[in-house]
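Asker: A structural model of the following input is requested.
(chains A, B, C and D)
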2 protein chains.
Amino acid sequence: MHEDAPAEHFCILIQGSAKLYKLLPDGRRQIVGFGYAGSFLGVSAPEYYAFSAEAIEPIRMCRPSRRGLLRLLSDSDAMRQRLFEVAVNKLVLAQEHMVLLGRKTMIERMASFLLFQAKRPQPRGVLPPRIHLPMSRGDIADYLGVTLESVCRSLAKLAKCGVIALPNVHEVIILDLSRLETLAHGASRECVS
Amino acid sequence: MHEDAPAEHFCILIQGSAKLYKLLPDGRRQIVGFGYAGSFLGVSAPEYYAFSAEAIEPIRMCRPSRRGLLRLLSDSDAMRQRLFEVAVNKLVLAQEHMVLLGRKTMIERMASFLLFQAKRPQPRGVLPPRIHLPMSRGDIADYLGVTLESVCRSLAKLAKCGVIALPNVHEVIILDLSRLETLAHGASRECVS
DNA sequence: CGTACGGTTGAGTCCAATCAAGCAGCGTGG
DNA sequence: CCACGCTGCTTGATTGGACTCAACCGTACG
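Answerer: Predicted structure coming up:
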């Protein structure tokens, strides 16, 4: 799915995960969100896609044609209702993301990101305090509006002071949830070293 | 209108302008958008307001109760349709804003902001290449995710190299639109000094 | 005339970016 | 099986752009 391409299909993710992003002419990238099983992609597509999307893991999806979707919408009140809810929900998330990008420090961004991921239902086999992150460090960086190196450093810092553990590259264990929450909302800019 | 307060009213701006923002516990503020005559406020309010809103100039507005709105929605197909379009449009703007906050430099942010304002229909008496900015420097700063001082400096820089003129604090004249566009999209990080 | 407030400008600091080197996992092929 | 190279991740050193702190300006208003 490519930004500015005509929006011929709607898309519902059944399995796997994807990244949704926008590019600047010189290649700088901002990931505006991730899609997971159950996510609706292409809601913000009146005529042309507003962003590009790419799979992170192998995915399965349902991709009705735009015409088919419109027919579905005109038939079903419930479907219309649901789609509106999805759009509103995305809007609320986007506003939260703007605060993160505009006003939070590196550590606050990382803490917020981890908390957000922790609140999502994890794939089977991954238990609560453990988070599975399918995306690369570079993807996380472009989501948080920082560099890949800064992502590494902030993760290392959080690990060093015992807030999280990093058993392997794609997994995080939250050791001290309340501290992570304090850091995320940045109440007091407290020391993490 | 206050973040996290129960969303009892919907709100449509008739005249004037407002800022929509979210606060962090320590007072840092991110303006997530501005509202102008015709704007729908409170779309992203399923139960509680997702953000705070405050008038910039004296305003007139239509503020139906939540119940009244719901009745209106169940009656009118066109109204439902319109509200969905508004939400989708806000979502697209939010994604654009995320790119600005996460990936653009100071000058690019200011150029993008000015262009966005330039594309809005201006209040009567203000002709095309001239933009009226009702908000304060601090408001612009919180919209762009920078400090008030950086806003001043970037405006001064753009003025010094002849891209814009600043007849007074609340007005900007665009002298070189194409250069402003180049700067906004940051194709080449070209020099502005 | 004096104060207050928003805006502008300057000097110095700091956090994250950049540049650079090194490491770990892993599939490939000798 | 292991050396090889590739890719993605980590860590260190240095730089730089925006922030912070501070002084100053100008307009509005009592």
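
Asker: centre of the chain to the lowest-mean-pLDDT helix or strand in chain A, how far?
Answerer: Sorting the helices and strands of chain A by mean pLDDT, DSSP states H and E puts helix A:66-75 at the bottom, at a mean of 80. For helix A:66-75, the separation from the chain centroid amounts to 27 Å (computed by CA atoms, centre = their mean, to the nearest Å).

Asker: likewise stretch A:162-177?
Answerer: On CA atoms, centre = their mean, the centre of stretch A:162-177 falls 18 Å from that of its chain.

Asker: follow-up on the earlier one: ok, and for the least confident helix or strand of chain A, which residues are buried?
Answerer: Across helix A:66-75, burial judged by 16 or more other CB atoms under 10 Å in any protein chain shown covers A:Leu69, A:Leu73. (C-beta placed from N, C-alpha, C; glycine too.)

Asker: quick one: is the very next helix or strand once past it near chain B?
Answerer: Of the helices and strands lying after helix A:66-75 in sequence (DSSP states H and E), the nearest is helix A:77-103. Yes: contact of helix A:77-103 with chain B (CB under 8 Å from any CB of the partner chain) involves A:80, A:83-85, A:87-92, A:94-99, A:101-103.

Asker: check which element follows helix A:77-103 along the chain.
Answerer: Helix A:77-103 is succeeded, C-terminally, by helix A:106-119 (DSSP H and E).

Asker: residues in contact with the very next helix or strand once past that following helix?
Answerer: Later in the chain than helix A:106-119, the nearest helix or strand by DSSP H and E is strand A:130-132. Contacts with strand A:130-132, where a contact means CB atoms under 8 Å, 6 or more residues apart in numbering or on different chains, come from A:Leu114, A:Gln117, A:Ala118, A:Gln122, A:Pro123, A:Val126, A:His170, A:Glu171, A:Val172, A:Ile173, A:Ile174.

Asker: the third one: what's it in contact with?
Answerer: Applying CB under 8 Å, 6+ apart, one finds that A:Ala118 lies in contact with A:Pro128, A:Pro129, A:Ile131, A:Ile174, A:Leu177.

Asker: could I get those residues in a markdown table, plus columns for pLDDT and neighbour count?
Answerer: Below are the contacts of A:Ala118 laid out as a markdown table (pLDDT from 0 to 100; neighbours: other CB atoms under 10 Å in any protein chain shown):
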| residue | pLDDT | neighbour count |
| --- | --- | --- |
| A:Pro128 | 77 | 11 |
| A:Pro129 | 86 | 14 |
| A:Ile131 | 94 | 21 |
| A:Ile174 | 96 | 20 |
| A:Leu177 | 94 | 15 |
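
Asker: widest-spaced pair of the residues you listed?
Answerer: A:Ile131 and A:Leu177 (11.5 Å; CB to CB).

Asker: how about the residues of chain A near DNA strand D?
Answerer: Neighbours of DNA strand D within chain A, by CB under 7 Å from any atom of the strand: A:Ser136, A:Arg137, A:Gly138, A:Leu148, A:Glu149, A:Val151, A:Cys152, A:Arg153, A:Leu155, A:Ala156, A:Leu166, A:Val169.

Asker: which of those residues has the largest number of neighbours?
Answerer: A:Val151 (23 neighbours; other CB atoms under 10 Å in any protein chain shown).

Asker: report the beta-bridge partners for A:Ile131.
Answerer: When assigned by DSSP bridges, A:Ile131 has beta-bridge partners A:Val172.

Asker: circling back: I'd like to know which of the contacts of A:Ala118 is nearest to A:Gly38.
Answerer: Scanning the contacts of A:Ala118 for proximity to A:Gly38, where the rule is CB to CB, the winner is A:Ile131, at 17.8 Å.

Asker: if I look at that closest one, how far off is chain B?
Answerer: 22 Å (CB to the nearest CB, to the nearest Å).

Asker: and the average pLDDT for stretch A:104-122 is what?
Answerer: In this model, stretch A:104-122 carries a mean pLDDT of 94.

Asker: pull out the buried residues from that stretch.
Answerer: A:104, A:106-118.

Asker: touching DNA strand C at all, that stretch?
Answerer: Yes: under the criterion of CB under 7 Å from any atom of the strand, DNA strand C is reached by stretch A:104-122 at A:Thr105, A:Met106, A:Ile107.

Asker: tell me where the model's unsure across chain A.
Answerer: A:124-125, A:187-193 (pLDDT under 70).

Asker: so how far is chain B from the residue of it most remote from its centre?
Answerer: Distance from the C-alpha centroid of chain A peaks at A:Asp75, with 31.3 Å (CA atoms, centre = their mean). To chain B, A:Asp75 is 13 Å away according to CB to the nearest CB.

Asker: coming back round to it: who's in contact with the least confident helix or strand of chain A?
Answerer: A:Ala7, A:Glu8, A:His9, A:Phe10, A:Pro64, A:Met79, A:Arg80, A:Leu83.

Asker: again, only using 10 Å
Answerer: Applying CB atoms under 10 Å, 6 or more residues apart in numbering or on different chains, the contact partners of helix A:66-75 are A:6-12, A:42, A:45, A:47, A:63-65, A:79-80, A:82-83, B:77, B:81, B:84.

Asker: what angle separates it from helix B:77-103?
Answerer: Using axes from the mean of the first three to the mean of the last three CA atoms, to 10 degrees, the direction of helix A:66-75 lies 130 degrees away from that of helix B:77-103.

Asker: and the residue nearest to the spatial centre of chain A, what does it touch?
Answerer: Nearest to the geometric centre of chain A sits A:Phe34, at 3.2 Å (CA atoms, centre = their mean). Neighbouring residues of A:Phe34 by CB under 10 Å, 6+ apart: A:17-21, A:53, A:56, A:116-117, A:120, A:133-135, A:139-140, A:143.
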